[in-house]
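K.L.:
Any chance you can model this:
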Amino acid sequence: MTIAGAKQSVPSVRIPFEELALDAGEVAALLGQERRYVLERLAVEPRFNFPPPCSTEGQHKRWKAGEVMEWREANRVSRQAQRRSRRSKTANSRGSDAR
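P.N.:
Predicted coordinates:
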């Protein structure tokens, strides 16, 4: 028999971080960006190839944390490669100017 108003114990379930559904503010925090940038640029412009939301309720979008982290790592690698490429081009152009 249960007493009215008594809390029944609910087993705690730990959801893996990769499976969590993050809102735009949480995604922005992970990426070091503003919430507005996530909603108005990353989530909209195809050139960013940002993962699609896992759920949309009205204007509230949510993304799987694991997909956002994978996207972040993939883009971090490509940004580092772009920087190295720019540095080598700059160094090569300086070297050819000295000749």
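K.L.:
Distance from stretch 52-65 to the middle of the chain?
P.N.:
Mean C-alpha position of stretch 52-65 versus that of the full chain (Cα atoms, centre = their mean, to the nearest Å) differs by 12 Å.
K.L.:
end to end, how far does it reach?
P.N.:
12 Å (Cα to Cα, to the nearest Å).
K.L.:
mind listing what's buried in that stretch?
P.N.:
For stretch 52-65, a neighbour-count test (16 or more other Cβ atoms under 10 Å) marks 53, 61-65 as buried. Yep, even glycine has a C-beta here, placed from its N, CA and C like the rest.
K.L.:
May I see those residues arranged in TSV, with distance to residue 11 as well?
P.N.:
Below are those laid out as TSV (distance: Cβ to Cβ, whole Å):
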residue	distance to residue 11
53	29
61	30
62	24
63	27
64	24
65	23
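K.L.:
Which of the residues you listed fall in strands?
P.N.:
Counting by DSSP state E, these place 61-64 in strands.
K.L.:
Closest one to residue 18 out of those, please.
P.N.:
Closest to residue 18 out of these is residue 64 (7.0 Å), distances taken as Cβ to Cβ.
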